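Undergrad: next one to model:
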Amino acid sequence: MTTATLSVPCCVVAATSGQRRGRLKGNPPRAALVEAKPRPVPAVTGGSGNGGGDNAALTLLRVRDSSSSSVPSFRDRADDMQAEARAMARAANASVYSPELLAAKYGSRPIKVVRRALEIFAGLGSLALSLWLDQVNGQLDQNQRQRAVHLRKTFTRLGPTFVKIGQGLSTRPDLCPPQYLEELSQLQDALPTFPDAEAFSCIERELGCPLDSIFSSLSASPIAAASLGQVYKAQLKYSGQVVAVKVQRPGIEEAIGLDFYLIRGLGFLINKYVDIVSSDVVALIDEFARRVYQELNYVQEGQNARRFKKLYADKEDVFVPDIFWDYTSGKVLTMEWVEGVKLNEQDAIERQGLKVLDLVNTGIQCSLRQLLEYGYFHADPHPGNLLATPDGKLAFLDFGMMSETPEQARSAIIGHVVHMVNRDYEAMARDYYALDFLSPDVDVSPIVPALRDFFDDALNSTVSELNFKTIVDGLSNVLYQYPFNVPAYYALILRSLTVLEGLALYADPNFKVLAASYPYFAKRLLTDSNPYLRDALIELLFKDGRFRWNRLENLLVQGKKDRDFNAKDALQPVLKLLLGPDGEDLRVLVIKEAVRTTEAIVLGSLVESYNSIPSLIRTLIFNANPTSLLVMSSAEQESMLELRAQVLRIWELLRSSDNFDPSILQPILQVRI
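TA: This is a model prediction of the structure:
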C-alpha cells in the first residue's frame, strides 16, 4: 500500500480536489443532487437515534449516482490514524475560546453589544413581568402552561447559550413544575432547523467533495436539531453503513461569542459587588465557555468519543458509536447510527421490555467510573444524549462537552462521601484541603459545627436518603460562610451529577442517587490502594484505639452490592500497610483488637452455652464452683455477644463472596505471632 487513499472513498483522493473545488463553486441548489421523487430506503428507515424522535415515516433521498464502490471492510490502525490526521487538517482553523480576542472584537462594537443586551433583558424581563402579574392576580397555577411555553420560546429565540440553560433545567423535576419540564424538554431535539441547502453546502465545503460521492442516501430533512447543529440520517456509498451526519449551525460562533462576552462582563460585576458569592464567577464562566467552544470543533468531539469508548465501553451494557474520520471536519461529524429511545421516555422503553431503573443504574455506575476512576467524564448527559437501545444497552451520544477530574480530587470525593454517610464531620472538613477548596493555612475547625448543624437538622435517618440537590444546597450554605474557592472543574461535576439525578427522578420520584451509588464508594474504599483512600479507610475503621466492626460490616454489605466487588481484594490496602515499614502504629492496634476479638469469640461462645443451659441445672453445676464467666455483668455479656455476632457476620459476608480467599487474613495472624 503506497498511499492511505487506497482504503478510503474516492472523494479523499487529492488528485481530483482541484476539479471538485471548481465544481463546488458553481454548484446548483442542493435539490439538484437528488431525484425529483424521493424513494424510501428500507435498510435505513425507522427507529430513533442520536437524539432523534419518532422516525418511523422517515423518508430518505436516493442520490443520483447509486453505483457502489468496493473498499476493504477492515481499516487497520495506521489507516485510521491517517484518516484522523486528514480530519484534523480540515479543522485546522477551528475557533478556540479567548476572552482577550472576544474583548478586542466586541469592545469596539458597542452598538452591537447594547442591542444584544437589550434583547436578552427584554426577553427575560417580559417573562418575569408576566410571572409577577400572575402572582399578584393569583393565577400562577392557572397560567403555568402558558408561561412554560413563553419560557421555551424565549430561550429558543435568545439562541444557543440560553438553549443550553433550558436543557439543564429540563432534567430537574425537583426545580421545575411538570408543565415546564414538558416544554423545556423540547429544547433537547426539537429546536428550529436551518435550511437544508445550507447544511448540504456545508458538508460539501467542509469535506471537499460532492454529496453523491459520499452518500448513497441522505434524509430529506434533519431528524434532530440541537443547540449547535442538526443531524441527518444517511447511508455511506462506499460501505452501506448507516450513519448520523451532524452539521454545525451557520453563524454559531458569532452568536456564542457575543453572549459569553456579555456574561463574562456580568461575572466581573458579581465578583466585585456580590460578597455572598465567594467563588470566582469569571473563572467558572471561562471554564464553561471553553467547553462550549470545544463543542464547535467536531474533530475534537470525535476524538472525545474515541477516548470515551476506549475507557468505558468495555462494559456489555454501555454502547458508544464509532466515528468515520473520512467524513468528519471542524463543522461536520459523521458517526455510527444508533437506534434507541431517550432515557426519559419511560413508556417507550418499557414497551421494548426494558426496565428504566436498570438503565438508570447503568448510567450511574458508568458516570461514577467516569468521575472517579479515569477522571474523564461526559459533562452534558441530558436525555437527548442518553439512549436505551433495543438490546438493553445504554448508548452515550454527543461528546462535545467533556471534562476531567484531577486525580487527587477523585480520591477526595470518595473519602468525602464516605465521611458524610458516616457523619464524620471532622474528616469531612479536612477533605476540603484535598479538594482544593481551601488553602492549607485555613483553619477548618469552625466549619465542623456548621456541617454538623446542617446534617443533624436535615436527617431523620441516613444521608443516603437525601437527594443530591439537598446535599449540594446544604453544603453550598456552608461554603458561602467560609473562605472557600470552588475550582472551576467542580461546577461541571455538580452539573453532571444533578442532571443524572434528574434523569433518575423521571423513572422514580423517590430514587436517591447517593443510595444507589454508595456501593461503588464502599467498594473503592475497601479495595483501592490509593494512599488517601487507604488512610480514609483506616481512619474510618479505627477510632480511639478501638476497631469499629459496625463500620466494616456496613462497608462490606454495601460493597457487595457493586457488581464489580471482589472479596479477594477487600481490605488489601490495610493489610499491605499492616506489614509495611510504616505500619507499626497500626500493628499495635491490630494486636490489641485481635486479642479482644479472640476473647469475644471464646467467651461469647461460653456465655451463649451458659445461657442455653436450663436454670435449674445451671444452678446445680455452677453454684459450687463460680467462675469469672458468672461474675460478668449482663452489659459485659451483651457487649461480648454483640462483638462475636458482628465478627461472625463479617466472616460470613466475606466467605459468601465470589473469589474469597481466606489467606487474605494471614497478615493478621502473622502480626499476632
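Undergrad: buried set for the helix or strand where residue 149 lies?
TA: Here residue 149 sits within helix 144-158, counting by DSSP states H and E. By 16 or more other Cβ atoms under 10 Å, the buried positions in helix 144-158 come out as 144, 147-148, 150-152, 154-156, 158. (Each C-beta comes from the backbone N, C-alpha and C, glycine too.)
Undergrad: closest one to residue 524 out of these, please.
TA: Of all the buried residues of helix 144-158, residue 524 sits closest to residue 155, with 38.8 Å by Cβ to Cβ.
Undergrad: what residues are up against that closest one?
TA: 162-163, 165-166, 184, 187 (Cβ atoms under 8 Å, 6 or more residues apart in numbering).
Undergrad: roughly how far apart are it and residue 113?
TA: From residue 155 over to residue 113 the distance is 21 Å, taken as Cβ to Cβ, to the nearest Å.
Undergrad: cool, and residue 427?
TA: 49 Å.
Undergrad: neighbour count: those two, which is higher?
TA: Neighbours were counted for residue 427 and for residue 113 using other Cβ atoms under 10 Å; residue 427 has more, 19 against 16.
Undergrad: nearest residue to the more buried one in space, please, no chain neighbours.
TA: Distances taken as Cβ to Cβ, 6 or more residues apart in numbering place residue 419 nearest to residue 427, at 4.2 Å, with adjacent residues excluded.
Undergrad: now swap in residue 348 and tell me
TA: Per Cβ to Cβ, 6+ apart, closest to residue 348 is residue 341, 4.6 Å.
Undergrad: residue 145 too?
TA: residue 179 (4.9 Å).
Undergrad: and residue 508, by the same measure?
TA: Leaving aside its chain neighbours, residue 508 sits nearest to residue 357 (6.2 Å; criterion: Cβ to Cβ, 6+ apart).
Undergrad: show the contacting residues for the one you found.
TA: 507-508, 511.
Undergrad: helix or strand right after the helix or strand where it lies?
TA: According to DSSP H and E, residue 357 maps onto helix 356-369. Note on helix 356-369: by DSSP H and E, the next helix or strand toward the C-terminus is strand 376-378.
Undergrad: so which strand or helix has residue 218?
TA: strand 215-219.
Undergrad: which other helices and strands does that strand contact?
TA: strand 60-62, strand 229-236 (3 or more Cβ pairs under 8 Å, 6 or more residues apart in numbering; DSSP states H and E).
Undergrad: out of those, deepest packed?
TA: Greatest average neighbour count among these goes to strand 229-236 (a mean of 24), per mean count of other Cβ atoms under 10 Å.
Undergrad: relative to strand 229-236, how tilted is the following helix or strand past that one?
TA: Moving toward the C-terminus from strand 229-236, the next helix or strand (DSSP H and E) is strand 242-248. Going by axes from the mean of the first three to the mean of the last three Cα atoms, to 10 degrees, strand 242-248 is angled at 150 degrees with respect to strand 229-236.
Undergrad: can you give me the helices for the stretch 451-600 of the chain?
TA: 468-481, 488-507, 513-527, 531-541, 549-559, 572-579, 584-612 (DSSP state H, counting those that start in this stretch).
Undergrad: let me have those in TSV, extended by mean neighbour count, distance to residue 347 and mean pLDDT.
TA: Shown next, in TSV, are the helices of the stretch 451-600 of the chain (neighbours: other Cβ atoms under 10 Å; distance: least, Cβ to Cβ, whole Å; pLDDT from 0 to 100):
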stretch	mean neighbour count	distance to residue 347	mean pLDDT
helix 468-481	16	26	70
helix 488-507	21	11	71
helix 513-527	23	22	85
helix 531-541	19	42	83
helix 549-559	19	33	86
helix 572-579	18	46	71
helix 584-612	15	54	72
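Undergrad: of those helices, which is nearest residue 127?
TA: Among those, helix 488-507 sits nearest to residue 127 (Cβ to Cβ), with 22.0 Å.
Undergrad: mind giving me the packing neighbours of that closest one?
TA: Looks like helix 488-507 contacts helix 281-295, helix 356-369, strand 376-378, strand 402-404, helix 468-481, helix 513-527 (3+ Cβ pairs under 8 Å, 6+ apart).
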